[in-house]
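Participant: Here is my input, please return the structure:
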Amino acid sequence: MFKITGLDKLTREMAQLAKFATEVDGELASVSFDPTDPGSIETAISEMEAAIDQKAASYEGNNMVVNLVEQIKANLRE
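Facilitator: The predicted model follows:
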């Protein structure tokens, strides 16, 4: 017989991931930009990234949340 350990941590991290996903679902921040001005676009992206970072701050040790944050930020830049 073998013993599986770490499920408590996994369960906690998955619950945190679900909570974070709920928090970022919908409107995070309201930004405006000039689509013809690269500086304006970059500022808007930076503002959105800051809003995401603020939401994710309390989940700093959760790698699943960190990975989701990276994916969201990558999607913003596309």
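Participant: now the helices for the chain?
Facilitator: For the chain, helices defined by DSSP state H occupy the ranges 7-24, 38-56, 63-77.
Participant: who wins for proximity to Val31 among those?
Facilitator: Comparing those by their distance to Val31 (Cβ to Cβ), the top pick is helix 38-56, with 4.3 Å. Every C-beta, even on glycine, is put in place using the N, C-alpha and C of the backbone.
Participant: related to what we said a few turns ago, now render the helices of the chain as TSV, adding mean pLDDT and distance to Met1.
Facilitator: Formatted as TSV, the helices of the chain follow (pLDDT from 0 to 100; distance: least, Cβ to Cβ, whole Å):
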stretch	mean pLDDT	distance to Met1
helix 7-24	93	16
helix 38-56	95	39
helix 63-77	94	29
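Participant: Same list as before, these that is, but in TSV and with distance to Ser32 and mean neighbour count included.
Facilitator: What follows is the helices of the chain, written out as TSV (distance: least, Cβ to Cβ, whole Å; neighbours: other Cβ atoms under 10 Å):
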stretch	distance to Ser32	mean neighbour count
helix 7-24	20	12
helix 38-56	7	15
helix 63-77	15	13
